[in-house]
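Engineer: Take a look and give me a structure for this.
(one chain, ligands or ions: 1)
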Amino acid sequence: MKNKVNLLFEEINQFATENSEALEQFRIRFLGRKGLLQDLFEEFKTLSNDQKKEVGQLLNQLKNAAQDKINQLKESVEGSASSEQADIDLTKPVMFREAGTRHPINLVRNEIIRIFARLGFTVSEGPEIEDDWHNFSALNFPPEHPARDMQDTFFIEKDPDIALRTHTSSVQIRTMETTKPPIRAIFPGRVYRNEAISARAHCFFHQVEGLYIDKNVSFADLRQTLLYFAKEMFAADTQIRLRPSYFPFTEPSAEMDISCNLCGGKGCGFCKYTGWVEILGCGMVDPNVLENCGIDSKVYSGFAFGMGIERTTNLKYQVKDLRMFSENDIRFLRQFESSF
Ligand code: PHE
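Structural biologist: Predicted coordinates:
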């Protein structure tokens, strides 16, 4: 037994740590309820009285040695914990968390909103899931009319009356149904068409619709409003051109081009050497549409226009592939952060 005790003395003497976990293990091993000293005192009970005297002393010394060691190491363990704290360098730069950037579609949408706000246009939104009335019928698309095929529609299978809106013109109807003229508002939003996805087409994209209803609104007002927009959005010397077109809900209807902002109208690859690039559809609101919304078409007239935000963004930044807008590639998205 003496030998065993001597070995333990040695172990205690040699033990060293700065780790509080290791020190606690050491304490449990020697002084714990099922520790070595407990075992030794049990064994001690079986000794003869002569031996007890000597070994008892030894065991007490061993116990004290273990306790002393623990007390002594405790100080240095605590010291090292507090010196770890002292090591914190408050002058170090903090970990930098990068902020995201605004999406180019949102940047251009916000710019469109700002430009029309300067002309007194307010902003409204409508639902992306629409009924036939607001997306088609009230906009003067008769049932079975081939014009419905101009826009490949996602219908809800169980209910042909419900579809994903194909254009933001539905918000024209919702606004005219609930607001008395004069109305001067724009409607930004996402629209859906059942088209094969390619560099030039997607099954969803974004539009901004505009609507101006008042007494004596003329085609000249339409032209001047859109010319102002084009100059503000692109460049002060931008020209516009209106080509006759067809939409069921406007009469007359037009397609608007702007002078190519890459070559200034001289002709280049971007404008296919025409000097012009298409930007939006527009026209005078068809009297039938006004009547469908309870507005007296003999008293009021107005104009409407609708533009694709992706298209406008492409004209501004020459993005070659529409799919880039929805791929979440931050190498692409980051390039727009400081352009406005
Ligand atoms: N809604 C039409 C489209 O999506 C655009 C448009 C809006 C045309 C308003 C005329 C007036 O193609």
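Engineer: Count the residues that sit near Ala199.
Structural biologist: Each residue near Ala199 was counted by other C-beta atoms under 10 Å, and the total is 11. Backbone N, C-alpha and C define where each C-beta goes, glycine included.
Engineer: Would you mind naming what in the stretch 101-250 of the chain lies close to the ligand?
Structural biologist: His167, Ser169, Glu209, Phe247, Thr250 (C-beta under 6 Å from any ligand atom).
Engineer: In this protein, mark out all the strands, start to finish.
Structural biologist: Per DSSP state E, the chain carries strands over the ranges 122-123, 129-131, 155-156, 159-164, 183-192, 204-214, 240-247, 250-259, 276-285, 301-308.
Engineer: What lies in contact with the second one?
Structural biologist: If I follow you right, that is strand 129-131. Ile156, Asp161, Ile162, Ala163, Leu164, Arg165, Ser170 (C-beta atoms under 8 Å, 6 or more residues apart in numbering).
Engineer: If we use 10 Å, what do you get?
Structural biologist: If you take C-beta atoms under 10 Å, 6 or more residues apart in numbering as the criterion, strand 129-131 is touched by 135-138, 153-154, 156, 159, 161-167, 170-171, 173-174, 191-192.
Engineer: what's the spacing between it and its chain's center?
Structural biologist: Computed by C-alpha atoms, centre = their mean, to the nearest Å, the chain-centroid distance of strand 129-131 equals 25 Å.
Engineer: can you pull the buried residues of it?
Structural biologist: Neighbour-count burial for strand 129-131 flags Glu130, Asp131 (criterion: 16 or more other C-beta atoms under 10 Å).
Engineer: same question, the longest one
Structural biologist: Of the residues in strand 204-214, those scored as buried under the neighbour-count criterion (16+ other C-beta under 10 Å) are Phe204, Phe205, His206, Gln207, Val208, Glu209, Gly210, Leu211, Tyr212, Ile213.
Engineer: follow-up on the earlier one: check the strands of the chain for me: which has the lowest mean pLDDT.
Structural biologist: Of all the strands of the chain, mean pLDDT reaches its minimum on strand 155-156 (a mean of 83).
Engineer: what's that strand packed up against?
Structural biologist: Packing partners of strand 155-156 (3 or more C-beta pairs under 10 Å, 6 or more residues apart in numbering; DSSP states H and E): strand 159-164.
Engineer: Run me through the strand neighbours of the strand it packs on, direction for each.
Structural biologist: Applying DSSP bridges, strand 159-164 is found paired with strand 129-131 (antiparallel), strand 155-156 (antiparallel).
Engineer: Which of these sits closest to Lys231?
Structural biologist: Evaluated over these, closeness to Lys231 peaks at strand 129-131, with 33.3 Å, by C-beta to C-beta.
Engineer: coming back round to it: need the buried residues of strand 204-214 in TSV with distance to Asn292, can you?
Structural biologist: What follows is the buried residues of strand 204-214, written out as TSV (distance: C-beta to C-beta, whole Å):
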residue	distance to Asn292
Phe204	27
Phe205	26
His206	26
Gln207	21
Val208	22
Glu209	16
Gly210	19
Leu211	14
Tyr212	18
Ile213	13
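Engineer: Highest neighbour count among the residues of the stretch 101-250 of the chain next to the ligand?
Structural biologist: Highest neighbour count within these, by other C-beta under 10 Å: Ser169, with 30 neighbours.
Engineer: Might one say that that one is in contact with Met176?
Structural biologist: No: contact criterion C-beta atoms under 10 Å: Ser169 and Met176 do not qualify, at 11.0 Å.
Engineer: Neighbours of the nearest residue to Arg200 once chain neighbours are set aside, how many?
Structural biologist: Using C-beta to C-beta, 6 or more residues apart in numbering and skipping residues adjacent in sequence, the residue nearest Arg200 is Leu322, 6.1 Å away. Residues near Leu322, counting by other C-beta under 10 Å, number 19.
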